[in-house]
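Undergrad: Next comes the sequence, and after it the predicted model I'd like to discuss.
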Amino acid sequence: MSLSLLISLSLIQPVPTDTLKARSIDEVVVTATRTERPMGALPLPVSVISRKQIQQMGSLRLNDVLREQTGLAVVTDHGQGIQVQGFGPDYTLILVDGEPIVGRTAGTLDLTRLAVGNIKQIEVVKGPSSSLYGSEALAGVVNIITQTPGETTTQAKGSLSARYGANKTSDFSGDINKQWAVGQSGKLGVYVFGNRYQSAGYSLTEGSQTVAPFTNYTGSGRLTYTLSPRVKLSVSGRFFSESQSNEFIINPASQVSGPGTVRDYSLNPVLTHQLSPGWKMTYRYYRTGYFTETNLRYTTTQEAYDASFFRQTFNRPEIVVERIINPKNILTAGTGFIAETVEATRYTERKQFNTTYGFAQYEWMPTLRWTVIAGGRYDAHSQYASQFSPKLSARYALSPAVALRGSVGVGFKAPDFRQLYLNFDNAVAGYSVFGTQEAAAGIARLTQQGQIAEVVLDPARLSAIRAERSVAYNLGAQLKSPVLPLMVSVNLFRNDVRDLIETQVIARKTNGQNIFSYNNLNRVFTQGAELESSWRWSLGTGYLTISGGYQYLVAKDKAVVDGIDAGTVYRRNPETLGSERVKPADYGGLFNRSRHMANGKLFYEHPKKGLSASLRGIYRGRYGFADRDGNLILDSDPEYVRGYILYNLSAAKTWKTITLQAGIDNLTGYSDPAYIPNLAGRLWYTTLRWAWKA
Amino acid sequence: MRIYHVLLAVCLSTAFISCNSEDNPVVVQPLTATTVRDLAADPTSMTSTSGQQPVAATGKFTLFSFIDNKQIANTDSATNKWDVGFRGTMIIVNGGAIRSGQGGAYIHTGTFDETATVPTSATFAQDQSATQLAITASSGKGWYNYEPTTNIISSIPGKVLIIRTGDGKYAKMEILSYYQGAPATPTSANVARYYTFRYLYQPDGSQTLK
């Protein structure tokens, strides 16, 4: 079929009158290319979660939103993080307006730090984006786009909302949005957001608090100043502060308690200059900081149990030039410098590392059917080997309804501060952990003190640690029916990772305990398929959207697979307890990965009556928790956590400027205290929201 | 030792027919493995201040004899009456600088049943000091793995302990469980420090282990 015929065919189709539908087709995303592009034309798997959807779901924090998305799992390890295409939280970059949030504990960036009230939309790109964003964008990128001062001049708008729910959880949010005309062509815009979130926490087991009571505050804002149609300045900032009163039992005889605080802030001035229709310059500066402090004491004696702090700063100037040669050829190039520092109780001194980088991306649309994007980024780092991360992606429209897309890319994750600089002696258990750059000095110190029984691995060999690297392939198809309100997309993925950094025993102490450091050890792969579809019906004068998503995932350690094939991996027979060889079919892959994940959602909306409601079911299939038979791999049923479904329900009614919403998350009250501490049980809430315009 | 008793019984019951080896061809009787259940290892006496384990020489071990298939009194610790000893997760052999016998240990990778002889590659380590034991007393390096998320000690599957006894005989041994009652999937509710293991002792001094 010729393209002209296709176009004329599509012209015959009735023009959609439904504005919502038209908008969903034109959704604009920035994460995939770093400039605004219509989502439908991108050759990468990108999904967008709109503000409206977030409000309908009744979500408060980022983890609530992401938990319900296809292919994403929220996992708990020192905070709630996100798993993308089978990678742990360390491998997904979390951005706010394109700038990274810092402050990870054991690799997890706690998503509960991010309130969702100021979000315009959330963009999720799966597959590596290191070609644009560098380290950590190995599995994917989550980019939170915050509200900007509106386009309409002199109009002001704002909202206030209050919510109360189970576990004495309260949330107050407010925002104001205002624009002024300045001079002849200038415009000044302000957006301000504030949030207070408090919870009494919850307890899943008798006598101990699973989540301790906490209160946090978020403030964010943006000032935009349009000096002329060609020059725009935007300054945005964020501040977050949380305090928690910890209290837990360490053994039957003693209890510890004390305060913990977490703070972060960021400042981000951006100047864009449209030199000519074909040339655009963007100058950015980003500074962010993250700070935690904990002071735990024995409740009875007030003796110190653990007092620690962690301070991280991140500074980055960047220049990006966009050259639109013509609508079919767009070149984007940029360069920047990152200076990071960290100071912490468990590090010997203030540590600093720097990255200088440059990237380029070429978008080529030779015909209406083809979109090709080629790009690459070079990161020169002060502490480990330099990285080059290329990526090539393409989209081909078979017809106006069906498009194929594919990409090949390289992703990397730098060794983090902990892996480089940790210097930690556990006084209670007697073991030690050293970062690779501290291992030699640490071993020397302990040798002098006569604490070393045997050195297993020469620490000098560790200092040349490399970044973890992956090569990823994504291949998919998308169907957007021109006649029916139907959307179906499928994506197949495969990630081959090498040089995975793992803890390794480097020496033994005379007290029988080990000394650990980090080394490039494993090779793993993750592969699978993701399917998403949605169907939107007119139901009377309202709309019903039915959507479903599913991810199939296999994630395995290549050395284990090889070992099983060679017959050198054993397990304990559950009947006889004797050793036997593990069969290939018994190997369940990496821990904490569900082979099956799915969701089904119903959203109902009746704009005229101001009614909306949703029912969402989220399934997470069984996944490995920990080894139980000594072979360190997942290979038997008792090593799995049972699969479960969560049902979340919400309903809202709007009267002019007032909206009342009520909902129940985890309707059936499913919980698994031993294995899923972040599942609090049934949670009800009710929200009153006032939105005004002037 | 159980095998010995069985052979003796066979010999006695057939004594009136013929029980002298001079006019019989040498019949190699297959040895069978013995399983010992819930042998209580000596506790690791915690020092009150730090909670750390004291070094080996100061504590006592639950001593065990393969040939007698029973526990040996601690007063016999300087003799060849015992072959292996247990304290907490520590397993000792009767050989080396801090022992009286000629024993040693080699950790072989394979299954218990397939290990029919002492492997030619075997190199026997000995208990040289409290921190240099033949069977390294730490997770992943000796006989067990410790899983920090569940706090469970699991004997590593596919590890056969080839033991040389104090008087130079050989045996193979596999630790099956570290918990009382040898549950297939122990939890933190199970009582630790109870060894269940199987062994096969070769009394004739050869390296054949079947």
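TA: That came in fine, so what should we check first?
Undergrad: For the residue lying closest to residue A:293 once chain neighbours are set aside, give its distance to residue A:113.
TA: In this structure, residue A:293 finds its nearest non-sequential neighbour in residue A:309, 4.6 Å apart by Cβ to Cβ, 6 or more residues apart in numbering or on different chains. Where C-beta positions appear, they are placed from N, C-alpha and C, glycine not excepted. Distance of residue A:309 to residue A:113, given as Cβ to Cβ, to the nearest Å: 17 Å.
Undergrad: try residue A:442
TA: 32 Å.
Undergrad: for residue A:652, same thing?
TA: From residue A:652 to residue A:113 the distance is 26 Å (Cβ to Cβ).
Undergrad: Confirm that residue A:419 lies within a helix, as I assumed.
TA: Yes. The assignment for residue A:419 by DSSP: H, G, I helix; E, B strand; the rest coil puts it in a helix.
Undergrad: Establish whether the helix or strand where residue A:537 lies and chain B are in contact.
TA: Following DSSP states H and E, the helix or strand that holds residue A:537 is strand A:514-539. Yes. Strand A:514-539 reaches chain B (Cβ under 8 Å from any Cβ of the partner chain) through residue A:514.
Undergrad: buried sites along whatever helix or strand comes next after that strand?
TA: Downstream of strand A:514-539, the next assigned helix or strand under DSSP H and E is strand A:542-557. Neighbour-count burial for strand A:542-557, counted by 16 or more other Cβ atoms under 10 Å in any protein chain shown, picks out A:542-545, A:547-557.
Undergrad: How about residue B:191, nearest residue that isn't a chain neighbour?
TA: Distance criterion Cβ to Cβ, 6+ apart; nearest residue to residue B:191, sequence neighbours excluded, is residue B:180 at 4.1 Å.
Undergrad: where does the one you found land on pLDDT?
TA: Looking at residue B:180, its pLDDT stands at 93.
Undergrad: can you check the one 10 residues further on too?
TA: Looking at residue B:190, its pLDDT stands at 90.
Undergrad: hang on, it packs against residue B:180?
TA: Yes. Between residue B:190 and residue B:180 a contact is recorded at 6.4 Å, counting by Cβ atoms under 8 Å.
Undergrad: who are the neighbours in contact with the closest residue in space to residue A:71 that isn't next to it in sequence?
TA: Closest residue to residue A:71 apart from its sequence neighbours, by Cβ to Cβ, 6+ apart: residue A:551 at 4.2 Å. The contact partners of residue A:551, by Cβ atoms under 8 Å, 6 or more residues apart in numbering or on different chains, come to A:70, A:71, A:528, A:529, A:530, A:531, A:596, A:597, A:598.
Undergrad: what are the phi and psi angles of residue A:86?
TA: With angles defined as degrees, to the nearest 10, residue A:86 sits at phi 80, psi 0.
Undergrad: Give me the neighbour count for it.
TA: If you count neighbours by other Cβ atoms under 10 Å in any protein chain shown, residue A:86 ends up with 28.
Undergrad: ok, now residue A:89?
TA: 28.
Undergrad: for residue A:330, same thing?
TA: Neighbours of residue A:330 under the rule other Cβ under 10 Å: 20.
Undergrad: And residue A:123, by the same measure?
TA: Residues near residue A:123, counting by other Cβ under 10 Å, number 22.
Undergrad: For it, give me the pLDDT.
TA: pLDDT at residue A:123 comes out at 95.
Undergrad: ditto for residue A:453
TA: At residue A:453, the model reports a pLDDT of 82.
Undergrad: In contact with it: list those residues for me.
TA: If a contact means Cβ under 8 Å, 6+ apart, then residue A:453 has A:507, A:508, A:509, A:510, A:512, B:131, B:132 as its contacts.
Undergrad: quick check, nearest of those residues to residue A:42?
TA: residue A:507 (49.9 Å; Cβ to Cβ).
Undergrad: what's around that closest one, how many residues?
TA: By other Cβ under 10 Å, 25 other residues sit near residue A:507.
Undergrad: Any idea what it is bridged to?
TA: Here residue A:507 shows beta-bridge partners residue A:455, residue A:515, assigned using DSSP bridges.
Undergrad: Look at residue B:75 and give its secondary structure.
TA: helix.
Undergrad: tally of neighbours for residue A:336?
TA: Residue A:336 has 19 nearby residues by other Cβ under 10 Å.
Undergrad: Please list all residues in contact with residue A:564.
TA: Counted by Cβ under 8 Å, 6+ apart, residue A:564 has contacts A:581, A:582, A:583, A:584, A:587.
Undergrad: correct me, but the last one touches residue A:636?
TA: Going back to what we said before, that points to residue A:587. No. Using Cβ under 8 Å, residue A:587 makes no contact with residue A:636, being 10.3 Å away.
Undergrad: dump the residue contacts of the closest residue to residue A:553 other than its chain neighbours.
TA: Distance criterion Cβ to Cβ, 6+ apart; nearest residue to residue A:553, sequence neighbours excluded, is residue A:528 at 4.0 Å. Contact analysis of residue A:528 by Cβ under 8 Å, 6+ apart lists A:85, A:86, A:492, A:493, A:551, A:552, A:553, A:554.
Undergrad: now for the residues you listed, which pair is the farthest apart?
TA: A:86 and A:492 (13.3 Å).
Undergrad: Start from the N-terminal end of chain B and give the helices.
TA: Using DSSP state H, the helices of chain B run over B:2-13.
Undergrad: same deal with the stretch 301-450 of chain A?
TA: Secondary structure of the stretch 301-450 of chain A by DSSP state H, counting those that start in this stretch: the helices cover A:417-421, A:439-448.
Undergrad: Pick the most buried one from those.
TA: helix A:417-421 (a mean of 22; mean count of other Cβ atoms under 10 Å in any protein chain shown).
Undergrad: Quick check: residue A:581 touching residue A:569?
TA: Yes. The pair residue A:581 / residue A:569 is scored as a contact, 7.0 Å apart, by Cβ under 8 Å.
Undergrad: between the two, who's got more neighbours?
TA: A side-by-side neighbour count of residue A:581 and residue A:569, using other Cβ under 10 Å, places residue A:569 first with 24 against 18.
Undergrad: thinking again about what came up before, nearest to residue A:663, out of the helices of the stretch 301-450 of chain A?
TA: Among the helices of the stretch 301-450 of chain A, helix A:417-421 comes nearest to residue A:663, with 38.3 Å by Cβ to Cβ.
Undergrad: which bits of chain A sit near chain B?
TA: Selection of chain A residues close to chain B by Cβ under 8 Å from any Cβ yields A:427-428, A:430, A:453-454, A:505, A:508, A:510-514, A:568-572, A:574-575, A:577-581, A:625-632, A:638.
Undergrad: so where's the chain shaky on pLDDT?
TA: In the absence of a named chain, chain A is used. Across chain A, the ranges flagged by pLDDT under 70 are A:1-26, A:151-154.
Undergrad: that answer is for a different chain, and I need it for chain B
TA: B:1-28, B:44-59.
Undergrad: near chain A, which residues of it show up?
TA: Contact residues, chain B versus chain A (Cβ under 8 Å from any Cβ): B:50-53, B:55, B:90, B:109, B:111-113, B:131-132, B:136-141, B:144-145, B:147, B:149-150, B:152, B:154-160, B:174, B:176-177, B:182, B:184-186, B:196, B:198.
Undergrad: for stretch A:83-90, the distance to its chain's centre please.
TA: Here stretch A:83-90 shows a centroid-to-chain-centroid distance of 9 Å under the convention Cα atoms, centre = their mean, to the nearest Å.
Undergrad: quick one: contacts of it?
TA: For stretch A:83-90, the surrounding residues in contact (Cβ under 8 Å, 6+ apart) are A:71-75, A:77, A:81-82, A:91-92, A:104, A:107-109, A:124, A:126-127, A:136, A:138-140, A:413, A:416, A:493, A:495, A:526, A:528, A:553-555, A:590, A:592-593.
Undergrad: and with 7 Å instead?
TA: A:71-73, A:75, A:81-82, A:92, A:104, A:107-109, A:126, A:138-140, A:413, A:493, A:495, A:526, A:528, A:553, A:555, A:593 (Cβ atoms under 7 Å, 6 or more residues apart in numbering or on different chains).
Undergrad: Fine by me, thanks again.
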